[in-house]
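**Q** Test case, fold it:
(chains A and B)
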Amino acid sequence: MSQSEVKLLEVKNVEKIFSVKVGTFEKKDLHALNKVSFDIFKGKTLSLVGESGCGKTTIGKVILGLYKATNGSVMFQDKDIAQLSPIKRGSIQSDVQMIFQDPYSSLNPRKKIKIILEQPLKIHTKMNKKERLETILSLCDDVGIDHTYLERYPHQFSGGQRQRIAIARAMVLKPKLILADEPISALDVSIQAQILNLMMDLREKYKMTMLFITHDISVVKHLSDYVAVMYLGEIVEYASKKDLFKSPQHPYTKMLFSTVPDIHTPLMTDSVLKTGEIQSPIDLPTGCFFANRCPYKDSSCDDKHPDLISIGDNHLARCPKIGQF
Amino acid sequence: MALLEVNNLHTHFFTRNGIIKAVDGISFSIEKGEILGIVGESGAGKSITGFSMLGLIDQPGKIVSGEIIFNGVDLVKKSEKELQKIRGNEIAMIFQDPQTSLNPVISIGDQLMEAILYHNKKASKKDAYNASVDILKLVGLPAAEKRMKSYPHQLSGGMKQRVVIAMALLNNPKLLVADEPTTALDVTIQAQILYLMKKLSKDFDSSLILITHDIAVVSQLCDKIAVMYAGRIVEYGKKEDIIFNPKHPYTKGLIECLPKLNDDKERLYQIPGIMPSLLSLPEGCYFKDRCEFADKECDVYPDQQDIEGRRIFCHKVK
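**A** Below is the predicted model:
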């Protein structure tokens, strides 16, 4: 985190606890987020990687104001927005926009594309009709939507085109921060490449700041400056993209890399079967959360919950045994 | 003799807007114990090919012509009743979304046992129970006996997919059709499920058709690959040939556009455009509008060529 970079968003010790029913009378705490801290710098992209259930979407929703954090703060332009409901956020509301995972359910099926793109401008800006249309048309050129498409409805488009529309909608207000929650995982691999390239181009052109949330570490490389790997509601490794791809340190990060299907390494071994599944965030273990899946586990791992420690220049990992395996 | 031989299969859908040729004259074959991968983008006709194998084509769709020779008999000519005996017994299917392919109000155990009791009238309930527990253990579901009483919503996505695979394997099928079995799963769980399917298909000596849009997944598992585009196979051959020496521009594109971990290139290769609608296919080669090599020659649909151990449809490959 060099000094020349300006913090746009600072997430500090954010906790989110849901209360869930486990029996007729009994309720238990589900720890979706455990003291998550990270910064997002202006013009940079931070990627959050992890499996389903690791809390990566929850943190996105806390930043967006769809959930209130149980503890901790989210500083956006010197204002703590962690506890603010969307209504109380005022202008911040238009500064943070989201691209959702499923382009089939995130666009209103009854509204024409033009209305979908125009609505945010009507609510948040004082533009007149002509200015609004100009803004929309120039944005359409950027994301590769034909101008004639504006009169159509979402069902007339393929998944890739819908995601382009969703990206346009997120960008129409020129937000300061864009949250992209698995924006390509519902698409074909060939279309994924198109959307990834598009997001790279837009990032370049508009100097976009982005939080990119995904479960697939192979796509992270193309779109990030920093990467945070999450497991069971906490960050287990944080590094610049270059460092992380050069030398992943945490056993979980290594596991994520080893399970990416690659056409040049077709061999899968029995060790894959032992990688197990993420455990429930109810009744978390006292020791390391990852211990039950970790190939390097020994008895000391169950005793104490490890802290996030610095293991190099701007490289953090939550494992006391880094370097020993 | 091949276990399954598909010859010039046409499955068409007769809609108000016209005839959709979802599967338009495809041929392939699978030997016993072999794994075939069918790759292509959404709408290429991969799933309809899979459904056709099981006779699961509903109105307004119909298998118009062609043969599906399974174990020496043509499945196209079989009646629905005869097909029911084969389905889930000799040919089983694994669907894409484990969330919706299990019945939410019936316990895992009852769903598994039903599959045994339906196809084997002589089996007792106890046999069925034991067989179900065994199969759950085989697919690596922890605490199998406890899970028999669980309902689908109590399991994670990966566990549900294991149950679905267990269910498909119950009656020792000779052929498994898996339609995007890992698309709804995390990458880590995907690796486990793929490995499991490869291992089980070897152990059971059953053949497998794996349908997916991700050519990287196919490369990990399959012996043979068929690349489909707009209802037709454009390249078909051994895995090694197709993956390491792709010839068709579409196959090349599919491989090239994968994100690579050990490559410093920032931008990804992309195949321009999208697949044409099956209602308004271009004259000639269907891929020509997205192909960088296309020229006048491509205004006629290419004939089949057999080059370097593969079947290919492209004018530009000589």
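**Q** Who are the contact partners of the residue most central in space within chain A?
**A** When CA atoms, centre = their mean is applied to chain A, the residue found nearest the centroid is A:Ile213 (2.2 Å). Counting by CB atoms under 8 Å, 6 or more residues apart in numbering or on different chains, A:Ile213 touches A:Ser47, A:Leu48, A:Lys56, A:Thr57, A:Gly60, A:Leu179, A:Ala180, A:Asp181, A:Glu182. The way it works is simple: take the backbone N, C-alpha and C, and place the C-beta from them, glycine included.
**Q** Among those, which lie within helices?
**A** Assigned to helices by DSSP state H, the following of these qualify: A:Lys56, A:Thr57, A:Gly60.
**Q** which of these has the most neighbours?
**A** Compared across the ones in helices among the contacts of A:Ile213, A:Lys56 has the highest neighbour count, 25 neighbours, by other CB atoms under 10 Å in any protein chain shown.
**Q** Do I have it right that that one meets A:Val62?
**A** No: when contacts are counted by CB atoms under 8 Å, A:Lys56 is not listed as touching A:Val62 (11.1 Å).
**Q** Against A:Leu64, how distant is the residue nearest to the centre of chain A?
**A** Noted for A:Ile213: a distance of 11 Å to A:Leu64, by CB to CB, to the nearest Å.
**Q** list residues touching both of those two?
**A** Common contacts of A:Ile213 and A:Leu64 (CB under 8 Å, 6+ apart): A:Leu179.
**Q** Give me the phi and psi angles of residue 233.
**A** Unless you meant another one, I'm taking chain A. Here is the backbone geometry of A:Gly233 (degrees, to the nearest 10): phi 80, psi 10.
**Q** switch to chain B, that's the one I care about
**A** The phi/psi pair for B:Ile233 (degrees, to the nearest 10) reads phi -80, psi 130.
**Q** rewinding a little: of all pairs in the contacts of A:Ile213, which one spans the longest distance?
**A** Farthest apart among those by CB to CB are A:Ser47 and A:Thr57. That separation is 13.6 Å.
**Q** Now do the same for the residue nearest to the centre of chain A: helix, strand or coil?
**A** Reduced to three states with DSSP: H, G, I helix; E, B strand; the rest coil, the structure at A:Ile213 is strand.
**Q** Any idea what it is bridged to?
**A** In this structure, A:Ile213 bridges to A:Leu48, A:Asp181 when assessed by DSSP bridges.
**Q** Would you mind measuring from it to A:Cys288?
**A** A:Ile213 is 24 Å from A:Cys288, by CB to CB.
**Q** mind listing what B:Tyr229 touches?
**A** When contacts are counted by CB under 8 Å, 6+ apart, B:Tyr229 is found next to B:Gly40, B:Glu41, B:Ala44, B:Tyr250, B:Met275, B:Tyr286, B:Phe287.
**Q** Is the second one part of a helix or strand, or is it coil?
**A** Right, the one you point to is B:Glu41. Under three-state DSSP, B:Glu41 falls in the coil class.
**Q** Hmm, A:Ala193 and it touching each other?
**A** No: between B:Glu41 and A:Ala193 there is no contact under CB under 8 Å: 11.5 Å.
**Q** So for those two, which sits in the more crowded spot?
**A** Using other CB under 10 Å, the more surrounded residue of B:Glu41 and A:Ala193 is A:Ala193, with 26 against 23.
**Q** doesn't B:Leu268 make contact with that one?
**A** Yes: applying CB under 8 Å, one finds A:Ala193 in contact with B:Leu268, separated by 4.2 Å.
**Q** and for these two, which residues touch both?
**A** Counting by CB under 8 Å, 6+ apart, the contacts common to A:Ala193 and B:Leu268 are B:Cys257, B:Pro259.
**Q** can you map out the helices along the chain?
**A** In the absence of a named chain, chain A is used. Applying DSSP H to chain A gives helices spanning A:56-64, A:92-95, A:113-124, A:129-143, A:159-171, A:189-206, A:217-220, A:241-246, A:251-258.
**Q** Hmm, no, I was thinking of chain B.
**A** So, for chain B - with DSSP H - the helices run B:46-53, B:80-86, B:98-101, B:108-119, B:125-138, B:144-147, B:157-169, B:187-203, B:215-221, B:239-244, B:249-256.
**Q** What separation do you get for B:Lys198 and B:Phe204?
**A** B:Lys198 is 11 Å from B:Phe204, where distance means CB to CB.
**Q** Give me the neighbour count for the residue lying closest to A:Asp225 once chain neighbours are set aside.
**A** Nearest residue to A:Asp225, sequence neighbours excluded (CB to CB, 6 or more residues apart in numbering or on different chains): A:Lys44, at 4.2 Å. By the criterion of other CB under 10 Å, A:Lys44 has 19 neighbours.
**Q** quick one: A:Lys44 from chain B, how far?
**A** Distance, A:Lys44 to chain B, using CB to the nearest CB, to the nearest Å: 15 Å.
**Q** next one: phi and psi at B:Pro272?
**A** phi -70, psi 150.
**Q** Test my guess that it contacts B:Arg290.
**A** Yes: using CB under 8 Å, B:Pro272 is in contact with B:Arg290, at 5.5 Å.
**Q** Counting neighbours, go ahead and name the busier of the two.
**A** Counted by other CB under 10 Å, B:Pro272 and B:Arg290 do not tie: B:Arg290 has more neighbours, with 18 against 10.
**Q** tell me the contacts of the residue in the stretch 1-150 of chain B that chain A sits nearest to?
**A** Evaluated by CB to the nearest CB, the stretch 1-150 of chain B has B:Glu41 as its residue closest to chain A, separated by 4.6 Å. Neighbour list for B:Glu41: A:Asp188, A:Ser190, A:Ile191, B:His213, B:Tyr229, B:Ile274, B:Met275 [criterion: CB under 8 Å, 6+ apart].
**Q** switch to 6 Å and redo it
**A** A:Asp188, A:Ser190, B:His213, B:Met275 (CB atoms under 6 Å, 6 or more residues apart in numbering or on different chains).
**Q** residues near the closest residue in space to it that isn't next to it in sequence, how many?
**A** Nearest residue to B:Glu41 in three dimensions, chain neighbours excluded: A:Asp188, at 4.6 Å (CB to CB, 6+ apart). Look at A:Asp188: counted by other CB under 10 Å, it has 25 neighbours.
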